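S.K.: Got a predicted structure plus its sequence, pasted below:
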Amino acid sequence: MEKQMSLLLCLFLFILSISSSLHETEARRHYNRPVRITSLVSRSLYDKIFIHKDNNACPAKGFYPYEAFVEATRWFPRFGRVGDVWTRRREVAAFLAQISHETTGGWATAPDGPYAWGLCFKEEVSPQSNYCDASNTVWPCFPGKSYKGRGPIQLSWNYNYGQAGRALGFDGLRNPEIVANNSVLAFKTALWFWMTEQLPKPSCHDVMTNRYRPTKADLAANRTVGYGLTTNIINGGLECGIRGDGRASDRVGYYQRYAQLFNVTTGPHLDCENQRPFS
């Protein structure tokens, strides 16, 4: 009888260990399960964020549909998928805020406020130049082509068009206009810029997911990690190190509104007025 009881006890413990292992495996699978962007940004939330993107007053009316945004994110599986749910929400809110400023059609007394008019433009109006850096022989400009701002991030300059084209499979130097003519590609260029490290600049993605550690040069330049550092990465040469710059403040305003819609805190260091730009 004692031997039978011992065998039964061993069998029970064996079954218990298998069951526990299965539960742990299932829990790990659940924790590591890829998060679809649609679980973070539903169609209704997207429409609430971009209230006026299809307003008749917006030149980009109809150019930035929800489906194009979702399709573009599939090319960047780490976007909105790193860290806990709060980190993921914060990153997506920051990205949408930055592209909203870049394409804003808002003004101080605009209906629903100045931060309800993101994605109003798809290309720069009245550019001051063709944004050709002739000294860059790696990504040479082509005659008659303008590398002005286009798409949600307002991709600019020949070297950015060239690199984005190589990464995404289009000829950015010979055919930069496609960025303002293809909705999915336009979003892809914005996400490419957000996700790509361009030394000495880190990627905006690494900044917003707490994966970036400031270098000695960053610390000396007071480039603290937070939303303000993404502004420095995107347009620091014109907006950072300037007290009360209206453009940088507009970026913060969009981010604060979107953080509320995502039900997440903004985190520290929202502006870059005390940061030196990257060289």
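M.R.: Nice, I can see it. All figures in this text were calculated on a predicted structure; none of them were measured in a lab.

S.K.: Which parts of the chain belong to which domain?
M.R.: 40-121+197-278, 124-182 (the TED database).

S.K.: can you map out the helices along the protein?
M.R.: Listed in chain order, the helices found in the chain under DSSP state H are 2-32, 37-40, 43-49, 66-73, 85-102, 158-168, 183-195, 204-208, 216-220, 227-239, 246-261.

S.K.: sorry, back to before: mind putting the domains of the chain into CSV with distance to A190 and mean neighbour count?
M.R.: The way it works is simple: take the backbone N, C-alpha and C, and place the C-beta from them, glycine included. Supplementary listing: those in CSV, determined by distance: least, Cβ to Cβ, whole Å; neighbours: other Cβ atoms under 10 Å:
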stretch, distance to A190, mean neighbour count
domain 40-121+197-278, 5, 18
domain 124-182, 4, 17
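
S.K.: Output the below-cut-off pLDDT ranges for the protein.
M.R.: Along the chain, the parts satisfying pLDDT under 70 run over 1-35.

S.K.: do that again at 90, thanks
M.R.: 1-36, 128, 244, 279 (pLDDT under 90).

S.K.: centroid residue for it?
M.R.: F95 (3.2 Å; Cα atoms, centre = their mean).

S.K.: Ignoring the adjacent residues along the chain, who's closest to that one?
M.R.: Once flanking residues are discounted, F95 sits nearest to W194: 5.5 Å by Cβ to Cβ, 6 or more residues apart in numbering.

S.K.: The one you found contacts G80, correct?
M.R.: No. If you go by Cβ atoms under 8 Å, W194 and G80 don't touch, sitting 10.5 Å apart.

S.K.: if we can go back for a sec, as CSV, the domains of the chain with distance to K188 would be great.
M.R.: As requested, these are arranged in CSV below (distance: least, Cβ to Cβ, whole Å):
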stretch, distance to K188
domain 40-121+197-278, 5
domain 124-182, 5
